[in-house]
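**Student:** next input, structure requested:
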Amino acid sequence: MMRLGLLKNATSLSLVPVTPPERRHQLTGNRKGQYAVDLTQSLRLIFEPNHDPVPGREDGGIDLERVTDIRILDVTDYH
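**Tutor:** Sure, this is the predicted structure:
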């Protein structure tokens with residue numbers, strides 16, 4: 001519930017901490033374009049930007065400052 005509150009109250013994805021305990025991180029492989037935050041040692045809350053199109057940067061990355069809405073996809077241990 002704490003992670004959901006943090007995500008709900010962040011005005012942009014850039015404000016979600018990349019350090020523990022939240023540890024926002026971008027996923028790769030078949031989860032490219034998705035992000036996760038830590039819930040427990042093994043469980044992650046998986047989400048993606050809820051924008052069409054997803055705000056981009058000139059270098060091709062996602063502009064986290066402009067990601068203001070997300071869609072929760074899953075809670076899983078993907079390791």
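
**Student:** what about residue 6, how many neighbours?
**Tutor:** 16 (other C-beta atoms under 10 Å). (C-beta placed from N, C-alpha, C; glycine too.)

**Student:** put the alpha carbons of whichever helix or strand it is part of into CSV.
**Tutor:** Secondary structure from DSSP states H and E places residue 6 in helix 2-9. Provided in CSV are the C-alpha atoms of helix 2-9 (Å, rounded to 0.1, in the frame of the first residue of the first chain):
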residue,chain,number,x,y,z
MET,A,2,2.9,2.3,0.7
ARG,A,3,4.3,1.9,-2.8
LEU,A,4,0.8,2.6,-4.4
GLY,A,5,0.5,5.7,-2.3
LEU,A,6,4.0,6.9,-3.4
LEU,A,7,3.1,6.3,-7.1
LYS,A,8,-0.3,8.0,-6.7
ASN,A,9,1.2,11.1,-5.0
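
**Student:** need the residues that contact that helix.
**Tutor:** Residues from elsewhere that reach helix 2-9 (C-beta atoms under 8 Å, 6 or more residues apart in numbering): 16, 22, 37, 38, 39, 45, 47, 70, 72.

**Student:** Provide a list of residues in contact with the nearest residue to the fifth one once chain neighbours are set aside.
**Tutor:** The shortest distance from residue 39 to any non-neighbouring residue, by C-beta to C-beta, 6 or more residues apart in numbering, is to residue 45 (5.5 Å). By C-beta under 8 Å, 6+ apart, the contact list for residue 45 reads 3, 4, 7, 36, 37, 39, 72, 74, 75.

**Student:** tell me, how many residues neighbour the first one?
**Tutor:** The burial metric for residue 3, expressed as a neighbour count using other C-beta under 10 Å, is 18.

**Student:** list the buried residues for stretch 37-45?
**Tutor:** 37, 38, 39, 44, 45 (16 or more other C-beta atoms under 10 Å).

**Student:** what does stretch 69-79 give?
**Tutor:** Those would be residue 70, for stretch 69-79 by 16+ other C-beta under 10 Å.
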